[in-house]
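Student: This is a predicted model, with the sequence first.
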Amino acid sequence: MQGNSPKLEVQNQPTFEDYYDQERIAVFEMFLSAYNDAVQNVGSVEEFHVQIAEKTINFQFAGNSLISKVTRALKHLEIDKIDDPDLVIKLWDSESTQRPLPLLINTVKDCIPYAAWLKKIGRREEVYPFSNDRFLSSLQWGSEILTLLDKERNQCIYWVENVDKIPWFEVGAPIRTVFHWYFSSTKSQMVHGGAVGNEKGGVLLAGEGGSGKSTTALNCLKDGMLYASDDYVLVDTKNQPKTYSLFQTAKVKTKDDIERFPEFESWVTNPRGVEESDEKPMLFVGENKPKQMAKEIPINALVFPKFIAGEKCHYERISEQKAFRGIAPSTINQAPFAGEECVKMLANLVRELPAYYLKFGEDQESLSQTIKQIIKENQQDVRR
Amino acid sequence: MKSLKVNVPHIVHEIFSDDEAAIINLKTGNYYSLNPTGAEVWSLIEKNATSEEIIEVFSECYKNESVEDVIKKFVTELLEEDLIIESEENIQKTQELRLEKANGNFVEPEMERFGDMQELLLLDPIHDVDDAGFPHKKTAAQN
């Protein structure tokens, strides 16, 4: 630990929680100090800047080993260097920088399997001992990516043992937990859903994984429509509902699915992973169709694609409750610490926008036309 | 008489314009939907009504013999699912207890539980999670 913890400033006899809150500051400082050691060891900080929903984010990498894994999906959001970013994310790995995790944090990390049983880590990867109103912490299963956010200083630290532990899907949707935490405090919400649109507006494509979001989004991309995402978007309901793109990726379930889009087959970035392990074919839309890659798309309606074998493509209006059930569980499920505020925001979204089931079968020729029809029909809603 | 309370902070809920309610138990991962009568009962519980007060309010609006038994059973179901709890005492009401949309026909309250969110939230992080990161349910071939 670097120095002594600041003296506790409480009116009465401090409680255990007062002491723990104080020590969480020390944990963050300890983590920050290790990052600084990592920077010193490699001798450089590599910077990358993005803008999302009018907020600027500065990535500071200790060395260059992590850069391509983290920035590729965010390239379409890159901006020139800014001096006063809204959020700073400091990233490092132990292998290339030769700085291990601080002993105490590493011990907690190693105990995580047992900590889960002791309810010290949540089902949504929350690390409870390091978290309170000010700090949020999560540890991804498998990859063991550890993140800590200090909401007061808008500073985040991201750590992984070595670059090879970063899984393919993290490359496609990096830092998403931090985006969820940070943007929640700005009253926007990361939602499990995609977004496509045109000059008349757009739709949010929501629903469980495998329901048909990517198939719908890629059909729209093929037809020349704007594309923001097929999996995660940031939704802002402060004024007119709007989605912001986070990741320029698209992924489909299997190799067979991408073969239905011959024009996109050569874009797949992980053909070996698809062949040899159970990776999903992933492509970077912005690298191949930069003009169709949208940073933001206003939304006129919520659409829940549903693949049903033999079904002719059509859409039907659904109730607020059904729409909520389609969007809330899968979003909350993937958002560590998401609670009442997230639920309220999603409930307001389904109250504000009309929602539809988009049912389709093997014949997907008319999918994009149907999406355009939904956008057109609900232009009125956008203007109100 | 013990007042009923929503089991916060684990329970989050919303009532929609079609008069149906959605409830999420963040602790267990269960998702519930209530029909309009169930949502009316839920609204009364939000106002800290007792079981007896809920029955009284419903009995004033519906002349149906089954009201008492049906409401009792429904409240018990909500308690068993840990969606609501009984407080130690009868909490002072700050809002009038009444039904917002009563009409002549009594429709029994119903609650539907959906387990898919629970299935994902309650995966065993040690045995059901692989290198794919966030708990993904393994396929049969992986098990």
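Tutor: Yep, that arrived.

Student: Enumerate every residue touching residue A:77.
Tutor: A:50, A:51, A:52, A:245, A:246, A:295 (Cβ atoms under 8 Å, 6 or more residues apart in numbering or on different chains). (C-beta placed from N, C-alpha, C; glycine too.)

Student: Just the local confidence number for it, please.
Tutor: With respect to pLDDT, residue A:77 scores 98.

Student: Tell me the backbone dihedrals of it, please.
Tutor: In terms of degrees, to the nearest 10, the main-chain angles of residue A:77 are phi -110, psi 0.

Student: repeat for residue B:15
Tutor: Residue torsions, per degrees, to the nearest 10, at residue B:15 are phi -110, psi 130.

Student: shouldn't it be in contact with residue B:43?
Tutor: Yes - Residue B:15 is within contact range of residue B:43, at 6.8 Å (criterion: Cβ atoms under 8 Å).

Student: coming back round to it: keep only those of the contacts of residue A:77 that are in strands.
Tutor: Those of the contacts of residue A:77 mapping onto strands are A:50, A:51, A:52, A:245, per DSSP state E.

Student: Give me the local confidence score for the third one.
Tutor: By that I understand residue A:52. Confidence at residue A:52, expressed as pLDDT, is 97.

Student: How about the contacts made by it?
Tutor: Residue A:52 neighbours (Cβ under 8 Å, 6+ apart): A:77, A:179, A:183, A:234, A:244, A:245, A:246.

Student: ok so, going back, could you say which of the ones in strands among the contacts of residue A:77 is surrounded by the most neighbours?
Tutor: Counting neighbours by other Cβ atoms under 10 Å in any protein chain shown, residue A:245 leads the ones in strands among the contacts of residue A:77 with 26 neighbours.

Student: Can you tell me who it pairs with across the strands?
Tutor: For residue A:245, the beta-bridge partners are residue A:233 (DSSP bridges).

Student: shouldn't it be in contact with residue A:295?
Tutor: Yes - counting by Cβ under 8 Å, residue A:295 is a contact partner of residue A:245 at 5.4 Å.

Student: so what sits against both of these two?
Tutor: A:76, A:77, A:228.

Student: need the residues you listed in CSV with distance to residue B:109, can you?
Tutor: Formatted as CSV, the shared contacts of residue A:245 and residue A:295 follow (distance: Cβ to Cβ, whole Å):
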residue, distance to residue B:109
A:76, 49
A:77, 48
A:228, 41
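
Student: which SSE is residue B:107 in?
Tutor: Following DSSP states H and E, one finds residue B:107 outside all helices and strands.

Student: so who does it touch?
Tutor: B:35, B:36, B:37.

Student: In contact with the second one, which residues?
Tutor: The reference is to residue B:36. B:18, B:19, B:20, B:101, B:107.

Student: Kindly report the residues of chain A close to chain B.
Tutor: Contact residues, chain A versus chain B (Cβ under 8 Å from any Cβ of the partner chain): A:113, A:116, A:121, A:123-125, A:140-143, A:167, A:169-170, A:208, A:278, A:319-321, A:324-325, A:328-330, A:332-334, A:339-340, A:343-344, A:347, A:350-351.

Student: With adjacent residues omitted, what lies nearest to residue A:264?
Tutor: Using Cβ to Cβ, 6 or more residues apart in numbering or on different chains and skipping the chain neighbours, the partner closest in space to residue A:264 is residue A:283 (6.0 Å).

Student: Next, the buried residues of the strand ranked longest in chain A.
Tutor: Secondary structure assigned by DSSP E gives strand A:188-198 as the longest strand of chain A. Using 16 or more other Cβ atoms under 10 Å in any protein chain shown as the test for burial, strand A:188-198 gives A:188, A:189, A:190, A:191, A:192, A:193, A:194, A:195, A:196, A:197, A:198.

Student: residues in contact with the helix or strand following that strand?
Tutor: Counting by DSSP H and E, the next helix or strand C-terminal to strand A:188-198 is strand A:201-206. Judged by Cβ under 8 Å, 6+ apart, the contacts made with strand A:201-206 from elsewhere in the structure are A:191-197, A:213, A:216-217, A:226, A:228, A:230, A:233, A:235, A:243, A:297-305, A:326-327, A:330, A:353, A:371, A:374-375, A:378-379, A:382.

Student: And for stretch A:324-332?
Tutor: A:189-193, A:206-209, A:302, A:304, A:318, A:338, A:342-343, A:346-347, A:349-350, A:355, B:14, B:16, B:22, B:24, B:26, B:31, B:33, B:114, B:116-117.

Student: which one of the contacts of residue A:77 is nearest residue A:102?
Tutor: Using Cβ to Cβ, residue A:50 is the member of the contacts of residue A:77 that sits closest to residue A:102, with 28.4 Å.

Student: on that earlier part again, drop anything exposed from the residues of chain A next to chain B.
Tutor: Neighbour counting over the residues of chain A next to chain B (16+ other Cβ under 10 Å) leaves A:116, A:121, A:123-125, A:140-143, A:167, A:169-170, A:208, A:320-321, A:324-325, A:328-330, A:332-334, A:343, A:347, A:350 as the buried ones.

Student: Which ones among those residues map onto helices?
Tutor: When those are checked against helices (DSSP state H), the matches are A:116, A:169-170, A:320-321, A:324-325, A:328-330, A:332-333, A:343, A:347, A:350.

Student: what helix or strand is residue A:250 on?
Tutor: Residue A:250 belongs to strand A:249-251 when assigned by DSSP H and E.

Student: Now do the buried residues in the helix or strand just after that strand.
Tutor: Sequence order places helix A:255-259 as the next helix or strand after strand A:249-251, per DSSP H and E. By 16+ other Cβ under 10 Å, the buried positions in helix A:255-259 come out as residue A:258.

Student: which of the residues in whichever helix in chain A runs longest are buried?
Tutor: The residue-count maximum for a helix in chain A (DSSP H) belongs to helix A:16-42. By neighbour count on 16+ other Cβ under 10 Å, the buried set for helix A:16-42 is A:21-32, A:34-39, A:42.

Student: What is it packed up against?
Tutor: Packing partners of helix A:16-42 (3 or more Cβ pairs under 8 Å, 6 or more residues apart in numbering or on different chains; DSSP states H and E): strand A:55-62, strand A:87-93, helix A:94-97, helix A:103-110, strand A:135-139, strand A:146-150, strand A:155-160.

Student: got JSON lines for these, with mean neighbour count and distance to residue A:274 too?
Tutor: Below are these laid out as JSON lines (neighbours: other Cβ atoms under 10 Å in any protein chain shown; distance: least, Cβ to Cβ, whole Å):
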{"stretch": "strand A:55-62", "mean neighbour count": "22", "distance to residue A:274": "28"}
{"stretch": "strand A:87-93", "mean neighbour count": "24", "distance to residue A:274": "26"}
{"stretch": "helix A:94-97", "mean neighbour count": "17", "distance to residue A:274": "26"}
{"stretch": "helix A:103-110", "mean neighbour count": "15", "distance to residue A:274": "31"}
{"stretch": "strand A:135-139", "mean neighbour count": "24", "distance to residue A:274": "27"}
{"stretch": "strand A:146-150", "mean neighbour count": "24", "distance to residue A:274": "28"}
{"stretch": "strand A:155-160", "mean neighbour count": "22", "distance to residue A:274": "23"}
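
Student: weakest of these by average pLDDT?
Tutor: Ranked on mean pLDDT, the bottom entry among the helices and strands packed on helix A:16-42 is helix A:103-110, at a mean of 87.
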